[in-house]
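**Student:** Build me a model from this:
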Amino acid sequence: MKLSNNFSLEELTKSQEAIRFGIPNEPNQDHIFNLQLLCQYILQPVRDNFNLPVTVSSGYRSAELCEKIGSSSKSQHTKGEAADFEVFGLANKEVSDWIVKNLDYDQCILEFWTPDEPNSGWVHCSYSAAKNRRQYLRASRQDGKIIYSQII
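**Tutor:** Model (predicted):
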């Protein structure tokens, strides 16, 4: 099933971890609707603007899968509202900055990026049909914990 011109449901739900652990990762109709919005308002505009493939490493994840990989069952991934991705050939900060300046979004998180390594980490971006908070954050590790700080 196509979610937008360049993104499919399979691409946004495929998970090697789910396969490895034998965990179902099947979205319901509400999740699919949210994934369509995510593609329409975030992923497809990024693809169209940069005219480069957008590689999604994580889209929809069931609550069980999120917990198994150390995430939260309350993650926006469980609602089909978030994706982790990269645009190979571009620095992740360039991609996240463009999103923040040009799109409506809920959270844009530059995850585990370091200025010394422009291709490090990835972009996590979410879109909510209810209300978008427009939070621009950076995730990093300090003393084994994930710390979120606001990017201005």
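
**Student:** any residues touching stretch 58-66, and which ones?
**Tutor:** Residues outside stretch 58-66 that contact it (C-beta atoms under 8 Å, 6 or more residues apart in numbering) are 11-15, 17-18, 21, 23-27, 31, 35, 38, 69, 71-73, 75, 77-78, 80, 82-84. Just so you know, the C-beta spots here come from the backbone N, C-alpha and C atoms, and that holds for glycine as well.

**Student:** Provide a PyMOL selection command restricted to the buried entries of these.
**Tutor:** Of the contacts of stretch 58-66, the buried ones go into a single PyMOL selection, burial set by 16 or more other C-beta atoms under 10 Å:
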select buried, resi 11+12+13+14+15+18+23+25+27+31+35+38+75+77+78+80+82+83+84
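
**Student:** Now do stretch 98-114: distance from first to last residue.
**Tutor:** Criterion C-alpha to C-alpha, to the nearest Å; first-to-last residue distance in stretch 98-114 is 18 Å.

**Student:** At which residues are the helices of this protein located?
**Tutor:** 9-13, 16-21, 29-38, 44-50, 63-68, 92-102 (DSSP state H).
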